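S.K.: Structure here, sequence nowhere to be found:
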């Protein structure tokens, strides 16, 4: 399922909110990371899934889901792709929803 999506992974990896920007103020970066965490949690809840359900789909412990939702663990692009597959959410849809949330942040 992941192998055919290399081109979209490259597009997303180059997007402004997944690439580390040393010039971005820390508060803005923290707000963007929090937006990712909040969106992942909301997608899970909207799907009617528990952290245990997602963890089982990922074949990971429940604490893995808890940590990325709480912000104590960051996901790299490959992990994000895997989580979104478990949530049955296309990466493109996730990015579009995240863009809407990020647009509401006050520019730094």
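M.R.: Arrived safely. A quick note: this is a predicted structure, and the numbers were derived from the prediction, not measured.

S.K.: How many residues are close by the closest residue to residue 55 other than its chain neighbours?
M.R.: Nearest residue to residue 55 in three dimensions, chain neighbours excluded: residue 62, at 4.4 Å (C-beta to C-beta, 6 or more residues apart in numbering). Where you see a C-beta, it was placed from the backbone N, CA and C, and this is true even at glycine. By the measure other C-beta atoms under 10 Å, the count of residues near residue 62 is 15.

S.K.: Who are the contact partners of residue 62?
M.R.: 51-52, 55 (C-beta atoms under 8 Å, 6 or more residues apart in numbering).

S.K.: Among these, which lie within helices?
M.R.: 51-52, 55 (DSSP state H).

S.K.: Please produce TSV containing the residues you listed, extended by neighbour count and pLDDT.
M.R.: Below are the ones in helices among the contacts of residue 62 laid out as TSV (neighbours: other C-beta atoms under 10 Å; pLDDT from 0 to 100):
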residue	neighbour count	pLDDT
51	17	97
52	12	98
55	18	98
